[in-house]
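Asks: Build me a structure from this.
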Amino acid sequence: MIDFSKTKIPTPEERAAAEQERIAAAIAEDRRQRRERSKKFVEVTIIEDAYATFSHSCTQIIKFHGLDRQKRPVRVTWFAPDFAERETIETILDHLRADATVTLKGYWKPHRTCAGETAFTFIAQFIEPIFPN
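Replies: Predicted coordinates for the structure are as follows:
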């Protein structure tokens, strides 16, 4: 005889609560990993508006170029978390306009250019706007 009492179907409220718990856990894990990767910081004045692209695995990426305090060029990449919604990405893009200054926490990632030279991209984990006084 089959015991159907063990095959309980969750109610819509239980499914919604489980989904909220899953999202909260994903957010907490993402923040933990980003804090762990945030070894360096740099203050950047953006020289052209940021733009969004997608990786091969459909992760949304925000990229922009700027100048650090010593007027050296900085290439920046920020990977959006999987749970980020489109409106959130658009809000971030609205704040990353030319002449805005932001503080970035993250790490430097080396890569080879077409000329065979080593260049660095700052992989931002956190983007904090700086508002003038």
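Asks: which residues of this protein fall in helices?
Replies: 12-37, 86-95 (DSSP state H).
Asks: what comes up buried for stretch 46-54?
Replies: Using 16 or more other C-beta atoms under 10 Å as the test for burial, stretch 46-54 gives 46, 50, 52. Any C-beta I mention is one placed from the backbone N, CA and C, and that applies to glycine too.
Asks: Show me those that map onto strands.
Replies: The members of the buried residues of stretch 46-54 that map onto strands under DSSP state E are 46, 52.
Asks: any idea how far the nearest residue to residue 51 once chain neighbours are set aside lies from residue 77?
Replies: Nearest non-adjacent residue to residue 51, counting by C-beta to C-beta, 6 or more residues apart in numbering: residue 63, 6.1 Å away. Distance check for residue 63 against residue 77: by C-beta to C-beta, to the nearest Å, it reads 5 Å.
Asks: now swap in residue 46 and tell me
Replies: 14 Å.
Asks: what's the span of stretch 81-97, first residue to last?
Replies: Stretch 81-97 has an end-to-end distance of 21 Å (C-alpha to C-alpha, to the nearest Å).
Asks: same check, this time on stretch 95-102
Replies: 9 Å.
Asks: Off-centre distance for it?
Replies: 16 Å (C-alpha atoms, centre = their mean, to the nearest Å).
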